[in-house]
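Peer 1: Let's see this in three dimensions:
(2 chains)
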Amino acid sequence: MSDDEPIEELPLEKLPLDGWHRERGARMVPFAGYEMPIQYAGPFGGIVAEHNWTRQSASLFDVSHMGQLALRGDGAAHELEKLVPGAISNLKHGKMRYSLLLTEAGGIIDDLMVTNTGAHIALVVNGACKWDDIAHLREHLPDEITLTHFDDFALLALQGPKAGDVLEALIPGTGALTFMTAGLFEWNATHLWVSRAGYTGEDGFEIAVHESKVEALADALVADERVQPAGLGARDNLRLEAGLPLYGHDLSENTDPISADLGFAISKKRRSEGGYFGHKAVMARLAEDEAGTLAQRRVGLKLDGRMPAREGAEVFAGETKVGMVTSGGFSPTLEQPIAMAYIAGAHAADGTALEIEVRGKRLAATVTPMPFVPHRYYRGS
Amino acid sequence: MPRYFTDEHEWIDVEGSTATVGITDYAQEQLGDIVFVELPTVGTNLDQGGDAAVVESVKAASDVYAPIDGKVIEANEDLEEDPALVNTDPEEGGWFFKMTVADPSQLEELMDDKAYKAFVDGL
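Peer 2: Sure thing, here's the model as predicted:
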């Protein structure tokens, strides 16, 4: 018996909560240059149990590997707009937007969250990309724009239908935040930056906290019986069910926002005005999309049977190879295998019957609209 | 009935000229929630150390190797309905397949339960 997971050889960093995870029986694995909990031990532990708990109650995820950055200086929003296709300069105080760092050829360098905190433009970028992102930003932003990396801050995600009630009880006022808004709060004599966002498809929050206070905050959150810790394994399946792409798997410099089905991240005004890296390529892909000639598109696939198809599995229409799986697994919520794949435009329409090859067998699959499991974000009562 | 273990965490029960094969409790614990088991077809000839079955956990696909040479004579159909049996009852009801024992001398290379326990404790 052997796992076929890749093993990273670089020296790994420890998260501020490393000891906290280990006390809870976490199995630690290399991810994005850190030792990270993939799942926990105990009666609530295991990927499926943690997954289901997140969908039913609330789970605490440590996502401190992600890069927390800030841009300061006159025109910081305007300058960032030269590197991303989203509208940033009209982002109101406390509002967030999902965006993409693009190459001049329209390739995706990273996906990220952008927030206007009032004091600065905050960015949360992928852990595995953060050093390259910092280099890219530093290279292309003018010297007057200050780039700060909050590497002494941890990031906790509280996700699930009970997250709102849990956090309101602990930090009054947070319950009034709506999806994709954020604010500064005080708890236990420390400042917390709380965003109503996440990557599970559930309602929830991401909480930036100084590393010296993160253990106290994690303890306070799991002291609520509605909250259990959850690891990377559950997080990966949750985001797959939610149809959310994972950088390095579903997104890369070889994919562009239109083929990645992230057209929503290109603000209307910016489509007409341009002025960002990759505009020409994005507009060309948009035109192809409208003409029905897009070479490939990221789609969802539901598989018959129980055998999952993993990243790298080839997709066929009859004898013709039409694409490749970029993320795949077994959906605990739907109790069936699901996948994301890049499929040739002619075969990417919802309902198209395809086949995925796994170990020489052909598995029947159907192109399915995403999310596979409906999002349940809190947009106000 | 003697039980042997491999360093790839398979167990093998030998009764006369036939053997039952599964994965150990340690293995299922490492794999986590199992969602699918791909079993060998009855009649397949297996070579010691060669691919015999595939276990799909929510996390990843893992190969299960043949502990000895022999021919597959039965596959555990219960695993089709309930692959989680490998998690809940790995060393009894969660067996994978039965096979002939082509070369009994291969069993001598395997570990007994005491040696396997020491092997796992050293991991």
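
Peer 1: Which helix runs longest in the chain?
Peer 2: Defaulting to chain A. The helix of greatest length in chain A, counted in residues with DSSP state H as the criterion, is given as helix A:279-291.

Peer 1: my question was about chain B
Peer 2: Residue-count comparison of every helix in chain B, with assignments taken from DSSP H, identifies helix B:113-121 as the longest.

Peer 1: Can you list the helices and strands that that one packs against?
Peer 2: Contact partners of helix B:113-121 among helices and strands, from 3 or more Cβ pairs under 8 Å, 6 or more residues apart in numbering or on different chains; DSSP states H and E: strand B:3-5. From N, CA and C alone the C-beta is placed, and that goes for glycine too.

Peer 1: does any part of the very next helix or strand once past the strand it packs on sit near chain A?
Peer 2: Next along the chain after strand B:3-5, taking DSSP states H and E as the criterion, comes strand B:10-15. Yes - under the criterion of Cβ under 8 Å from any Cβ of the partner chain, chain A is reached by strand B:10-15 at B:Glu10.

Peer 1: and whichever residue of the stretch 151-300 of chain A sits closest to chain B, helix, strand or coil?
Peer 2: Using Cβ to the nearest Cβ, the point where the stretch 151-300 of chain A gets nearest to chain B is A:Gly233, with a distance of 5.6 Å. A:Gly233 carries the three-state label helix when classified by DSSP: H, G, I helix; E, B strand; the rest coil.

Peer 1: Any residues of chain B in contact with chain A? List them.
Peer 2: Near chain A, the residues belonging to chain B are B:8-10, B:23, B:27, B:30-33, B:35-36, B:38, B:54-65, B:83 when assessed by Cβ under 8 Å from any Cβ.

Peer 1: Correct me if wrong: A:Trp53 contacts A:Ser59.
Peer 2: Yes - look at A:Trp53 against A:Ser59 with Cβ atoms under 8 Å: they come within range, at 5.5 Å.

Peer 1: Check the secondary structure at the nearest residue to A:Val29 once chain neighbours are set aside for me.
Peer 2: Nearest residue to A:Val29, sequence neighbours excluded (Cβ to Cβ, 6 or more residues apart in numbering or on different chains): A:Ile38, at 4.6 Å. Following three-state DSSP, the label given to A:Ile38 is strand.

Peer 1: ok, A:Ile38 - contacts?
Peer 2: Contact analysis of A:Ile38 by Cβ atoms under 8 Å, 6 or more residues apart in numbering or on different chains lists A:26-29, A:31, A:47, A:231-233, B:59.

Peer 1: Give me the subset of these lying in strands.
Peer 2: The strands in this structure, assigned by DSSP state E, contain A:27-29, A:31 from these.

Peer 1: list the buried ones in stretch B:85-102?
Peer 2: Using 16 or more other Cβ atoms under 10 Å in any protein chain shown as the test for burial, stretch B:85-102 gives B:85-87, B:89-91, B:94-99, B:101.

Peer 1: wait, which of these is closest to A:Glu186?
Peer 2: Compare each of those with A:Glu186 using Cβ to Cβ and the shortest gap goes to B:Asn87, at 44.5 Å.

Peer 1: what's the spacing between the closest one and A:Thr352?
Peer 2: Relative to A:Thr352, B:Asn87 is positioned 35 Å away (Cβ to Cβ, to the nearest Å).

Peer 1: Please apply the same query to B:Ala115.
Peer 2: Distance of B:Ala115 to A:Thr352, computed by Cβ to Cβ: 54 Å.

Peer 1: Determine which residue lies closest to the centroid of chain B.
Peer 2: B:Gly22 (2.6 Å; Cα atoms, centre = their mean).

Peer 1: Over to the residue lying closest to A:Tyr34 once chain neighbours are set aside. Which of the three states is it?
Peer 2: Excluding the flanking residues, the one nearest A:Tyr34 by Cβ to Cβ, 6+ apart is A:His65, at 4.5 Å. Taken by three-state DSSP, the conformation at A:His65 corresponds to coil.

Peer 1: Heading C-terminal from the helix or strand bottoming out on mean pLDDT in chain A, find the next helix or strand.
Peer 2: Within chain A, confidence by mean pLDDT, DSSP states H and E is lowest for strand A:2-3 among all helices and strands, at a mean of 55. The helix or strand immediately downstream of strand A:2-3 is strand A:13-14, counting by DSSP H and E.

Peer 1: for that next one, the distance to its chain's centre please.
Peer 2: Centre-to-centre, strand A:13-14 and its host chain are 21 Å apart (Cα atoms, centre = their mean, to the nearest Å).

Peer 1: Next SSE downstream of it?
Peer 2: helix A:18-23.

Peer 1: if we can go back for a sec, my guess is the residue of the stretch 151-300 of chain A closest to chain B contacts B:Ser57, does it?
Peer 2: No - proximity of A:Gly233 to B:Ser57 does not meet the contact threshold set by Cβ under 8 Å, at 9.2 Å.

Peer 1: anything in contact with each of these two?
Peer 2: Shared contacts of A:Gly233 and B:Ser57 (Cβ under 8 Å, 6+ apart): A:47, B:32.

Peer 1: Specify the beta-bridge partners of A:Leu101.
Peer 2: Legend: beta-bridge partners of A:Leu101 under DSSP bridges are A:Asp110.

Peer 1: again, but for B:Leu46
Peer 2: Taking DSSP bridges, one obtains B:Gly70 as the residues bridged to B:Leu46.

Peer 1: Would you mind measuring from A:Asp18 to A:Asn116?
Peer 2: Following Cβ to Cβ, the distance that separates A:Asp18 from A:Asn116 is 32 Å.

Peer 1: Show me whatever sits in contact with both of A:Trp53 and A:Ser59.
Peer 2: Common neighbours of A:Trp53 and A:Ser59 are listed as A:160, A:228, A:230 (criterion: Cβ under 8 Å, 6+ apart).

Peer 1: Buried members of those residues into PyMOL, please.
Peer 2: If you want just the buried ones from the shared contacts of A:Trp53 and A:Ser59 in PyMOL, going by 16+ other Cβ under 10 Å, the selection is:
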select buried, chain A and resi 160+228+230
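
Peer 1: possible to save the shared contacts of A:Trp53 and A:Ser59 as a markdown table with pLDDT and distance to chain B?
Peer 2: Converted to a markdown table, the shared contacts of A:Trp53 and A:Ser59 look like this (pLDDT from 0 to 100; distance: Cβ to the nearest Cβ, whole Å):
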| residue | pLDDT | distance to chain B |
| --- | --- | --- |
| A:Gly160 | 98 | 18 |
| A:Gln228 | 98 | 16 |
| A:Ala230 | 98 | 13 |
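
Peer 1: ok, the shared contacts of A:Trp53 and A:Ser59 vs A:Gly198, which is closest?
Peer 2: For the shared contacts of A:Trp53 and A:Ser59, the minimum distance to A:Gly198 (Cβ to Cβ) is 9.3 Å, reached by A:Gly160.

Peer 1: Correct me if wrong: the closest one contacts A:His51.
Peer 2: No - because the distance of 10.6 Å does not satisfy Cβ under 8 Å, A:Gly160 is recorded as not touching A:His51.

Peer 1: still on that earlier bit, which members of the buried residues of stretch B:85-102 define the maximum pairwise distance?
Peer 2: With distances taken as Cβ to Cβ, the most widely separated pair in the buried residues of stretch B:85-102 is B:Asn87 and B:Val101, at 27.7 Å.

Peer 1: Neighbours of the closest residue to chain B within the stretch 51-200 of chain A, how many?
Peer 2: Across the stretch 51-200 of chain A, no residue is closer to chain B than A:His51, which sits at 7.8 Å (Cβ to the nearest Cβ). For A:His51, the number of neighbouring residues by other Cβ atoms under 10 Å in any protein chain shown comes to 27.

Peer 1: That one is in what secondary structure piece?
Peer 2: Counting by DSSP H and E, A:His51 is found in helix A:47-56.

Peer 1: where does the stretch 201-350 of chain A dip in pLDDT?
Peer 2: In the predicted model, the stretch 201-350 of chain A carries no residue with pLDDT under 70.
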